[in-house]
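could you look at this predicted model? Sequence included:
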Amino acid sequence: MRLTDTSDLWWKTAVFYNLDVKTYLDADDDGVGDLRGLAQRLDHLAELGVTCLWLAPFYPSPQRDNGYDIEDYYGVDARYGTLGDMVEVLRTAHDRGMRVIVDLVVNHTSDRHPWFQAARKSPDSRYRHYYQWRDDVPDDAPESMFPDVEDGVWRYDEVAEQYYRHSFYRHQPDLATDHPEVREEIAKVIGFWLELGVDGFRVDAVPHVIDGESGPEHDFLRSLRGYVSRRRGHATLLGEVNVPYDEQSAFFGDVDGDELTMQFDFVANQRLYLSLARQDAAPLRDALLSRPPIALENQWGNFVRNHDELTLDQLSDDERAEVFDAFAPDEGQRIHDRGITRRLPPMLDDDPRRIRMVYSLIFSLPGAPVLYYGEEIGMGEDPRIQGSRAAVRTPMQWTDADDAGFSHAKPEDLVAPIVAGGFAPQHINVAQQRHDPESFLRFVQQLVRTYRGAPEIGWGDLAILDQPHPSVLAHSVTSELGVLVAAHNFAPDGRAFRVEVEGADADWRVVSLLGEDPAPVALEDGGFDVELGGYGHRWWRVIRPGERRIA
Ligand code: NOJ
């Protein structure tokens, strides 16, 4: 298949943006962000260059896990609006050239879901087998995902007079996803949202979905993908699969690539933070070198931060301690003994060079970048919120007003507090950065534009380039669409070196695409000289003879 035939694989070169409706913009001033508010801000996202929104769960929910505890798969929480408002968001996003994916949370429901309520009341209920029940707790029961909150994954239910399984919080009973009727229900949910116009799903907690006590194996993912493709050919499935690289291949469907279309790259994310802590590119470089190959239609989702804790669970205890010491020195900045509750800019002491370097690097790696709302303006966490993921789930900061331009409700009625301290809206907000050509917002906008103009990043193959400095990651991404070369410096002082470009000839050219002082570059004897400032970042395009690329 030629690449030109595969332009419908839009996720290969997409720029994703994740937001939670309730913290984005509150149009009716009740203190809770809503779909009408989001609709008003779609132009901000289009202007930024986002090509796909990922909406965090907006379904009716008791909100005991930020909406990941769903009470009704077919609705919109009344606080956010109606299904009609959702259709307006979908239509407007599509009109602006943006696709929309939504969370598919089928590992568990809320315990308030009518299925669970019916299931617990009678062993004869048709919903009983929608969940996983036992008379006793098995000896080999795994640890809870929240070990500091839950002492196991089996909980006795007085009404059911049996134990039910819950991989996460006790109020989130695990569905029996290998049961044909549960699969039917999941298919109907998917079919409903596809019909309404969504372009795919971010699939929650995938390894748990297929590996519960009665979990099905990969055939479930394969059938899910087949079903989604039949219903809407070009919908994507972006999976949350935080496992070692060698286990990730199976979730793509190995060589056939017929399971998840995309997976977040949790390994590179965790190694990135180790590299930052050590000012040494090696941890990230070694991770990238061991990334498993993926099929043509599959893709990695590269990210700096997400809505959960910044998990470091795949680092060794010593490595995790290094990252904690560097970026989360206070106990209150940590959670579950494995993660950090902070955003990047405060962790890097708001050093603009270093922060830009990190985003430039993430956008330059083979894959599709995934932004978390607020990253485009360098938002920080709320330092008053200790030991909780809520620290990074604060309202979007639109203006320098005390309410961040988010809502005119009374402060005590806000769904989440506005960030206080050095990263408060008075210092960090969209309105001010829109008008400042040097702002972080403008930088991210340029980064997005440059990424979108370099489809080789999404389609190409990675090579790590030799150079003598441990603090530097120099790499190229090559496809038939072109060659991108990038260099990033994890250290505070500058570095000079030469990079060789494989196959380069006298008639090849190099042009600067991004980075400090994009001076002209001369390609000589198959390579070129690079000067990289402290925490510097640079991108170049190598233009081969006959290529009609504009730099
Ligand atoms: C993964 C989600 O990202 C997280 O926020 C949630 O707590 C768990 N799934 C459980 O639903």
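Yep, that arrived.

find the closest residue to the ligand in the stretch 251-400 of the chain.
Nearest to the ligand in the stretch 251-400 of the chain, going by C-beta to the nearest ligand atom, is Asp308, at a distance of 4.8 Å. The C-beta positions use only the backbone N, C-alpha and C, and glycine is treated the same way.

ok, now the chain?
Checked against the ligand (C-beta to the nearest ligand atom), the nearest residue in the chain is Tyr68, 3.3 Å away.

in a helix, that's where that residue is, yeah?
No. Tyr68 sits outside any helix when classified using DSSP: H, G, I helix; E, B strand; the rest coil, being coil.

my guess is it contacts Asn107, does it?
No. Under the criterion of C-beta atoms under 8 Å, Tyr68 makes no contact with Asn107, lying 9.2 Å away.

shared neighbours, the two?
Between them, Tyr68 and Asn107 share these contacting residues under C-beta atoms under 8 Å, 6 or more residues apart in numbering: Phe168, Asp204.

neighbour-wise, which of those two wins?
Set side by side, Tyr68 and Asn107 show unequal neighbour counts under other C-beta atoms under 10 Å, the larger going to Asn107 at 26 against 23.

can you tell me which residues contact the more buried one?
Ser167, Phe168, Asp174, Leu175, Thr177, Asp204, Ala205, His208, Val209, Gly212 are the contacts of Asn107 under C-beta under 8 Å, 6+ apart.

ok, which of the residues you listed also contact the ligand?
Phe168, Asp204, Ala205 (C-beta under 6 Å from any ligand atom).

before we move on, what's the pLDDT of the closest residue to the last one other than its chain neighbours?
Spelled out, it's Ala205. Computed as C-beta to C-beta, 6 or more residues apart in numbering, the closest residue to Ala205 that is not its neighbour in sequence is Asn107, at 4.4 Å. Asn107 carries a pLDDT value of 97.

what is the burial count for Asp246?
Residues near Asp246, counting by other C-beta under 10 Å, number 9.

wait, is it part of a helix?
Yes. Secondary structure assignment (three-state DSSP) places Asp246 inside a helix.

contacts only, for the residue lying closest to it once chain neighbours are set aside.
Distance criterion C-beta to C-beta, 6+ apart; nearest residue to Asp246, sequence neighbours excluded, is Pro292 at 6.8 Å. Contacts here follow C-beta under 8 Å, 6+ apart; on that basis Pro292 touches Tyr245, Asp246, Gln248, Ser249.

ok, Tyr163 touching Val137?
Yes. Proximity of Tyr163 to Val137 meets the contact threshold set by C-beta under 8 Å, at 5.9 Å.

do you know how far Pro147 is from Arg183?
Computed with C-beta to C-beta, to the nearest Å, the distance linking Pro147 and Arg183 is 30 Å.

which one of the two is surrounded by more residues?
A count of neighbours by other C-beta under 10 Å puts Arg183 above the other of Pro147 and Arg183, at 19 against 12.

please identify the helix or strand for that one.
Counting by DSSP states H and E, the element that carries Arg183 is helix 180-196.

quick check: the gap between the residue of the stretch 251-400 of the chain closest to the ligand and Pro138.
Computed with C-beta to C-beta, the distance linking Asp308 and Pro138 is 28 Å.

rewinding a little: buried subset of the contacts of Asn107, written for ChimeraX?
Buried residues within those, by 16 or more other C-beta atoms under 10 Å, are selected in ChimeraX with:
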select :167,168,174,175,177,204,205,208,209,212
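
save the contacts of Asn107 as JSON lines, and put in pLDDT and secondary structure too.
Putting the contacts of Asn107 into JSON lines (pLDDT from 0 to 100; DSSP: H, G, I helix; E, B strand; the rest coil) gives the following:
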{"residue": "Ser167", "pLDDT": "96", "secondary structure": "coil"}
{"residue": "Phe168", "pLDDT": "97", "secondary structure": "coil"}
{"residue": "Asp174", "pLDDT": "97", "secondary structure": "strand"}
{"residue": "Leu175", "pLDDT": "97", "secondary structure": "strand"}
{"residue": "Thr177", "pLDDT": "93", "secondary structure": "coil"}
{"residue": "Asp204", "pLDDT": "98", "secondary structure": "coil"}
{"residue": "Ala205", "pLDDT": "97", "secondary structure": "coil"}
{"residue": "His208", "pLDDT": "93", "secondary structure": "helix"}
{"residue": "Val209", "pLDDT": "93", "secondary structure": "helix"}
{"residue": "Gly212", "pLDDT": "57", "secondary structure": "coil"}
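
which of the contacts of Asn107 lies closest to Val87?
For Val87, the nearest member of the contacts of Asn107 is Asp204. The distance, counting by C-beta to C-beta, is 23.1 Å.

backbone dihedrals for Leu276, please?
Listed backbone geometry of Leu276 is phi -60, psi -40, with angles given as degrees, to the nearest 10.

spit out the contact partners of it.
Ala326, Phe327, Leu348, Arg354, Val358, Phe490.

go on, Glu319?
Neighbouring residues of Glu319 by C-beta under 8 Å, 6+ apart: Leu274, Pro283, Leu312.

can you rerun that using 10 Å?
Remark: with contacts taken as C-beta atoms under 10 Å, 6 or more residues apart in numbering, Glu319 is in contact with Gln270, Arg271, Tyr273, Leu274, Ala277, Arg278, Pro283, Leu312.

next, count neighbours for the residue nearest to Ser229 when sequence neighbours are not counted.
Excluding the flanking residues, the one nearest Ser229 by C-beta to C-beta, 6+ apart is Ala235, at 7.2 Å. The local packing count at Ala235 equals 20, with neighbours defined by other C-beta under 10 Å.

what do you get for the one 3 residues further on?
Each residue near Leu238 was counted by other C-beta under 10 Å, and the total is 27.

do the same with Asp265
Taking other C-beta under 10 Å as the criterion, the count of residues near Asp265 is 27.

against Asp403, how distant is it?
Between Asp265 and Asp403 the computed distance is 36 Å (C-beta to C-beta).

list the buried residues for the one helix or strand Val323 maps to?
According to DSSP H and E, Val323 maps onto helix 317-327. Neighbour counts over helix 317-327 (16+ other C-beta under 10 Å) mark Glu319, Arg320, Glu322, Val323, Phe324, Ala326, Phe327 as buried.

what's the closest of those to His113?
Each of those was checked against His113 using C-beta to C-beta; the closest is Arg320, at 35.5 Å.

now the closest one: closest residue in space, sequence neighbours ignored.
The spatially closest residue to Arg320, leaving aside those adjacent along the chain, is Leu312, at 4.5 Å (C-beta to C-beta, 6+ apart).

I'd say the one you found and Tyr273 touch.
Yes. Using C-beta atoms under 10 Å, Leu312 and Tyr273 qualify as a contacting pair, with a distance of 6.8 Å.

now do the shared contacts for the two.
Where contact means C-beta under 10 Å, 6+ apart, the residues bridging Leu312 and Tyr273 through contact with each are Glu319, Arg320, Glu322, Val323, Phe324, Phe327, Ile340.

in JSON lines: these, plus distance to Ala420 and pLDDT.
Compiled in JSON lines, the shared contacts of Leu312 and Tyr273 are given as follows (distance: C-beta to C-beta, whole Å; pLDDT from 0 to 100):
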{"residue": "Glu319", "distance to Ala420": "32", "pLDDT": "98"}
{"residue": "Arg320", "distance to Ala420": "28", "pLDDT": "98"}
{"residue": "Glu322", "distance to Ala420": "29", "pLDDT": "98"}
{"residue": "Val323", "distance to Ala420": "25", "pLDDT": "98"}
{"residue": "Phe324", "distance to Ala420": "23", "pLDDT": "98"}
{"residue": "Phe327", "distance to Ala420": "20", "pLDDT": "98"}
{"residue": "Ile340", "distance to Ala420": "19", "pLDDT": "98"}
